[in-house]
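1. give me a 3D structure for the following:
(one chain, ligands or ions: 1)
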Amino acid sequence: MNKSIVGFIFVFLWTVSAFAAPLSNVLIVSIDALHPDALSAKTTPAIYAQMTQGAYTRNGMSTDPPLTLVSHTAMFTGLSPAESGKSDNNWQPGEPTIAKNTIFDLAGSYGFWTGYYYSKEKLGFLVNPAVKDHRFSKDNAVDKAFSPIQQPGNHFIFLHVSGLDSVGPVKGWMSQEYFEELSFIDEMLRSLIDTILQKGDYLIIITSDHAGHETVHGSNHPDDFKLPFVIVSDRFKVDRFQNIAYRVVDLKPILERLLASDSGQSSIH
Ligand SMILES: [Zn+2]
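-> Numbering: from 1, shown residues only. Take a look at the predicted model:
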């Protein structure tokens, strides 16, 4: 084999492997009860860094009613409460779980290992056979998500973080205590996000299920429906998501489009 052919094969293989590098980590973080106006460079520096690096909107909209399990079911299935049949906010271990296709079925179909870590027991409703690993941990869901991300391979992880949903109803949304809790959450997420950024080939989405006002949530008050949507990636152009009128049912179709375009490899950059 002469030198030029060897050179050509080398370049060809390098090109193929470069384009075929798998999307390494998809991380979706839902910070329960996060009001979009609470995010800023001062209050949430780790999240804000991702907002400026990627794209974001403060015009996110929850389900009606804007409640934790109803909203997360819409996120996972892409279906409204009327379509999914889940319009109440209750679930206990042992009761039937979701019977619709979810974002985990989608991720599994693209070959991702799937993990689901959540800090409210009722979110166990959304565990289905497409979830490879799942843990309910009231205080340590972030830590549970950390260990799989450190492993080699392609991970698709949904992380639900509690805290603001406890402080808001007692001390009030946007209260000093609310911001203290948010600062703590931001700091916890920092090392998780940094680990993913270092590995490369990532898609990170940071969002919420609903907000609240004063010490109330789940009502018809406009603030109760508000939520942020932050998207950042070294793989996809995300500027099209800046200031969009995002609804929680949009999460699954957004992921469907991104993962489909990534598997095509050529049309995304
Ligand atoms: Zn909630």
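2. ok, now which ones touch residue 226?
-> Residues counted as contacts of residue 226 (CB atoms under 8 Å, 6 or more residues apart in numbering) are 35, 36, 37, 58, 60, 61, 62, 210, 211. (Glycine included, C-beta is placed from N, CA and C.)
3. for those residues, which one is nearest the ion?
-> Proximity of the contacts of residue 226 to the ion was ranked by CB to the ion; the top entry is residue 210 with 5.4 Å.
4. helix, strand or coil for that closest one?
-> The three-state assignment at residue 210 reads coil, by DSSP: H, G, I helix; E, B strand; the rest coil.
5. dump the residue contacts of it.
-> 33, 62-63, 66-68, 71, 217-218, 224-227.
6. can those go into TSV with extra columns for secondary structure, pLDDT and distance to the ion?
-> Shown next, in TSV, are the contacts of residue 210 (DSSP: H, G, I helix; E, B strand; the rest coil; pLDDT from 0 to 100; distance: CB to the ion, whole Å):
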residue	secondary structure	pLDDT	distance to the ion
33	coil	98	5
62	coil	98	9
63	coil	98	11
66	coil	98	8
67	coil	98	7
68	helix	98	3
71	helix	98	7
217	coil	97	7
218	coil	97	9
224	helix	98	10
225	helix	98	12
226	strand	98	12
227	strand	98	10
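7. which SS state does residue 262 fall under?
-> Taking three-state DSSP, the label given to residue 262 is helix.
8. buried ones from the contacts of residue 226, can you make that a PyMOL selection?
-> Buried subset of the contacts of residue 226, written as a PyMOL selection, criterion 16 or more other CB atoms under 10 Å:
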select buried, resi 35+36+58+60+61+62+210+211
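9. next one: the nearest residue to residue 73 once chain neighbours are set aside, what pLDDT does it get?
-> Excluding its sequence neighbours, the residue lying closest to residue 73 (CB to CB, 6 or more residues apart in numbering) is residue 86, at 4.3 Å. On the pLDDT scale, residue 86 is placed at 95.
10. equivalent analysis for residue 6, please.
-> On the pLDDT scale, residue 6 gets 52.
11. and residue 114, by the same measure?
-> Residue 114 is given a pLDDT of 98.
12. one more: the one 3 residues further on?
-> Among the per-residue scores, residue 117 holds a pLDDT of 98.
13. who's in contact with it?
-> So residue 117 contacts 134, 135, 137, 141, 142, 144, 145, 157, 158, 159, 160 (CB under 8 Å, 6+ apart).
14. following the helix or strand hosting it, which helix or strand shows up next?
-> If you go by DSSP states H and E, residue 117 is part of strand 113-118. Next helix or strand after strand 113-118 toward the C-terminus (DSSP H and E): strand 133-136.
15. which of the residues in that following strand are buried?
-> 134, 136.
16. just checking: what are the partner strands of it?
-> Here strand 133-136 has these sheet partners by DSSP bridges: strand 113-118 (parallel).
17. residue in the stretch 101-250 of the chain nearest to the ion?
-> The stretch 101-250 of the chain approaches the ion most closely through residue 209 (4.3 Å), counting by CB to the ion.
18. hang on, that residue packs against residue 35?
-> No: the pair residue 209 / residue 35 is not scored as a contact, 11.6 Å apart, by CB atoms under 8 Å.
19. what do those two both touch?
-> Applying CB under 8 Å, 6+ apart, one finds that residue 209 and residue 35 are jointly contacted by residue 227.
20. hang on, the earlier thing: tell me, how many neighbours does the residue of the stretch 101-250 of the chain closest to the ion end up with?
-> The burial count assigned to residue 209 is 29, neighbours taken as other CB atoms under 10 Å.
21. tell me where this protein has helices.
-> Counting by DSSP state H, the chain has helices at residues 3-20, 45-53, 68-77, 81-84, 103-109, 141-150, 164-171, 176-199, 251-264.
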